[in-house]
Structures are given as C-alpha cells and as structure tokens.
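*Asks:* Attaching a predicted model along with its sequence, questions to come.
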Amino acid sequence: MSILLNSLLTELRRGTLTLAVLSQLRTPQYGYSLVQLLEQSGISIDQSTLYPLLRRLEKQELVTSSWDTSESRPRKYYVLSEYGMEIFLQLKKEWIRSSKEMYGLLKGEEDDESN
C-alpha cells in the first residue's frame, strides 16, 4: 500500500472511530471492553489510539469517567455525558445522511465502471 493511500485511509478512519467509540459509550465501558465491542463489529482500534481519544472526548465533556475499585484490578469506566449523548445523536443523524449521499455517488461510479 502506498504511503499516500495509507495516509488517506487513516484520515478517513479518524472521524469514524470517534463516532464508533461514542456509539458504544451509551453504557459504561472500560478500555479493554470497548476494544472488544468494537472488534466484534469489525472495527479494530489500537489501545494507543483509543486512550488518547477517550481523554480528548473527556476533555470535550462528551464523556465522563469514574474508577471502579471493587475488584482486585481497578478499572476506569467511560460513559457518554448528557451533552455527549446529544452530540452523538446529531453526529449519528449526520453520518446516516452523509453515508446515503456518498453511497449514491459511489454507486454511480460502480455503474460507470461496469459498462
């Protein structure tokens, strides 16, 4: 894969990862459980990408975190804030609209290529 293509794919993926993470934080999740949920949906994310993203989302007040120390290994749980839920729902609506538009454009391209 060329360096340019790799860079463009990373750029394309960056926004989708934020939406994917937000979609899974309607219920509290800790980092590893979040990675597993995303991977079950076919979305791979490295912990080196996930944790900085979670910190950024927390700083933006979209996500809140709390420590669970009830087990032998303390875990930091993340969940959407009320504001985060509002933003997530708006992003989801926009994603669906944009995806339909993009699909229409790309489907037209496929029709052109098959001729």
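*Replies:* Great, that's in hand.

*Asks:* low pLDDT regions in this structure?
*Replies:* In the predicted model of the chain, residues 110-115 satisfy pLDDT under 70.

*Asks:* Tell me which residues of the longest helix along it come out buried.
*Replies:* Of all the segments of type helix in the chain, defined by DSSP state H, the longest one is helix 82-114. By 16 or more other CB atoms under 10 Å, the buried positions in helix 82-114 come out as 84, 87-88, 91. (Each C-beta comes from the backbone N, C-alpha and C, glycine too.)

*Asks:* possible to save the residues you listed as CSV with distance to residue 57?
*Replies:* Formatted as CSV, the buried residues of helix 82-114 follow (distance: CB to CB, whole Å):
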residue, distance to residue 57
84, 7
87, 10
88, 10
91, 12
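
*Asks:* So which of these is the closest to residue 41?
*Replies:* residue 88 (15.8 Å; CB to CB).

*Asks:* ok, now how distant is that closest one from residue 16?
*Replies:* Relative to residue 16, residue 88 is positioned 13 Å away (CB to CB, to the nearest Å).

*Asks:* ok, now residue 41?
*Replies:* 12 Å.

*Asks:* do the same with residue 10
*Replies:* For residue 10, the distance to residue 16 equals 11 Å [CB to CB].

*Asks:* now swap in residue 97 and tell me
*Replies:* 15 Å.

*Asks:* Same question for residue 83.
*Replies:* According to CB to CB, residue 83 stands 21 Å off from residue 16.
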